[in-house]
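Visitor: Got a sequence here, can you build the structure:
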Amino acid sequence: MSLINAGTRGFTNGDTARVRGIRVKLPAGVLELAGLDDLEIGTIDIPVAANQANSGVILRNVSGSRHFVASGAISAGNPFYSAANGKVSGSQATGAYKIGIALTSASTDGDLFEGMYLSGYGIPKSE
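Guide: Numbers count the residues shown, from 1 in each chain. Next up, the predicted model:
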């Protein structure tokens, strides 16, 4: 078994095209879009066509900023939350969790923006 320390790892893509910055999960060893309440393994690094066998994923534990795909408007400096279809939202829907802080803005659905993960995001806190 080889370990990955570079922050990006290749995974089996399946038959779906993937855009840069989309959140993905890994059920049964094949990438799928992360849903509203799914804790993703990371975001797609480089867009891939449906016929490509593998996708590069920037693992969520990697420090620094990365691209995310917005489901609507998100202002720089504000938090963003998980959303359906691998996207993120500027508002928290029921079942969604806080992911990070936007470093640039997004104005509409499908916009790519720069953001960073918050430390400990998506981890339930005992009260």
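
Visitor: Now residue 29. Its backbone dihedrals?
Guide: Main-chain dihedrals, residue 29, degrees, to the nearest 10: phi 80, psi 10.

Visitor: ok, and the closest non-adjacent residue to it?
Guide: residue 12 (6.2 Å; Cβ to Cβ, 6 or more residues apart in numbering). C-beta coordinates here come from the backbone N, C-alpha and C atoms, glycine included.

Visitor: Also residue 22?
Guide: residue 86 (3.9 Å).

Visitor: Run through the residues that contact that neighbour.
Guide: 22-24, 33-34, 40, 69 (Cβ atoms under 8 Å, 6 or more residues apart in numbering).

Visitor: Please flag which of those sit within strands.
Guide: Judged by DSSP state E, the contacts of residue 86 include 23-24, 33, 69 as members of strands.

Visitor: circling back: go through the contacts of residue 86 and name the one nearest residue 79.
Guide: Residue 79 lies nearest to residue 23 out of the contacts of residue 86, by Cβ to Cβ, at 15.4 Å.

Visitor: So the closest one versus residue 41, what's the distance?
Guide: 9 Å (Cβ to Cβ, to the nearest Å).

Visitor: do residue 51 as well
Guide: 22 Å.

Visitor: Looking at the two, which has the bigger crowd around it?
Guide: Using other Cβ atoms under 10 Å, the more surrounded residue of residue 51 and residue 41 is residue 41, with 18 against 8.
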